[in-house]
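> One predicted model, sequence on top.
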Amino acid sequence: MGKADMTKPTSAQKKLSERLPVYLSLACIICSYLVSAASLQASELPWIKLDREVQAPSGAKSLCKDYSWACANTRTSGLPEAQEKQIVKAINLRVNRRIRAVSDQNQYGTKEYWTLPMQGSGDCEDFALQKKFELMQNGLDPTKLLIATVLDTNRSGHAVLVYRSSEGDLILDNVTNRIKSWKETRYLFLRIQDPNHPDRWVQVSSG
């Protein structure tokens, strides 16, 4: 039997040549999809976007004077994040169970009064303050613990504590024991303590 003519394409080579444009087109589509997905993921990082400096909420104007620790900006070496999250979960649950929810109007006769719930009762910002205080006592970096004001799902004024983890901003809320990402809450975030200068407040970007 004679040798095959190496210059003449085989039927398999012909089929591959015919299908090559299709394969290349599919490869381009897949590549484009992966790039788009990566870009989308990068543009939707789960941290609250900060904007310009704004005035503090009315009840928080004397916060730094009354509680200097609530405005501390001294960064600590911190704990391993797995340990931090265990502490955050335990304290969030403990404070929610221990403190009774009572409005400032009913307890102090005023619409807004930010204070630690020394009498075992308080409203949303008092819960947030208590959690921040206890978390700092347990070694968490104060610049990762920021109080934020929001409109809740009923579009009523509310306050929560934000824990800035490496995975995004997590919300400690007195209306639920479940710690959620800030997007999961479906709240409209308005203002938050500045992570670099917690004695200041910044507007949350809607963009």
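Great, that's in hand. If you're wondering where the values come from, they're calculated on a predicted model, not measured in any experiment. Residues are numbered from 1 along each chain as shown.

> For Ile192, which three-state class applies?
Under DSSP: H, G, I helix; E, B strand; the rest coil, the three-state class of Ile192 is strand.

> burial count for it?
24 (other Cβ atoms under 10 Å). The C-beta positions use only the backbone N, C-alpha and C, and glycine is treated the same way.

> Excluding sequence neighbours, find me the nearest residue to it.
Closest residue to Ile192 in three dimensions, ignoring its sequence neighbours and counting by Cβ to Cβ, 6 or more residues apart in numbering: Ala148, at 4.0 Å.

> all helices for the protein, in order.
Secondary structure of the chain (DSSP state H): helices located at 11-43, 63-66, 81-98, 104-108, 124-137.

> what's the fourth one in contact with?
Read that as helix 104-108. With contact meaning Cβ atoms under 8 Å, 6 or more residues apart in numbering, helix 104-108 is reached by Gly59, Thr110, Lys111, Glu112, Tyr113, Gln119, Ser121, Gly122, Asp123.

> Next, count neighbours for the last one.
Same thing as Asp123. Counted with other Cβ under 10 Å, residues neighbouring Asp123 total 25.

> so who does it touch?
Applying Cβ under 8 Å, 6+ apart, the residues near Asp123 are Ala101, Val102, Ser103, Asp104, Gln107.

> and the gap between it and Ile48?
From Asp123 across to Ile48, the span is 22 Å (Cβ to Cβ, to the nearest Å).

> ditto for the fourth one
According to Cβ to Cβ, Glu112 and Ile48 sit 22 Å apart.

> Same question for Asp141.
Taking Cβ to Cβ, one finds Asp141 at 17 Å from Ile48.

> again with His197
Counting by Cβ to Cβ, the gap from His197 to Ile48 is 16 Å.

> Would you check that Val88 makes contact with Asn177?
No: here Val88 does not reach Asn177: they are 11.9 Å apart, not a contact under Cβ atoms under 8 Å.

> Looking at those two, which is more packed in?
Val88 (23 against 13).

> ok now do that one, which residues does it touch?
Counted by Cβ under 8 Å, 6+ apart, Val88 has contacts Leu135, Leu140, Tyr163, Leu170, Leu172, Ile179.

> Return the residues in contact with Asp126.
Ile99, Trp114, Thr115, Leu116, Pro117 are the contacts of Asp126 under Cβ under 8 Å, 6+ apart.

> repeat for Thr143
Ala72, Asn73, Arg75, Arg164, Pro195, Asn196, Pro198.

> do the same with Val95
Residues near Val95 by Cβ under 8 Å, 6+ apart: Phe127, Gln130, Lys131, Glu134, Asn174.

> try Glu112
Pro57, Ser58, Gly59, Asp104.

> what's around the closest residue to the first one other than its chain neighbours, how many residues?
Once flanking residues are discounted, Pro57 sits nearest to Thr149: 5.3 Å by Cβ to Cβ, 6+ apart. Counted with other Cβ under 10 Å, the burial measure for Thr149 works out to 24 neighbours.

> Lovely, talk soon.
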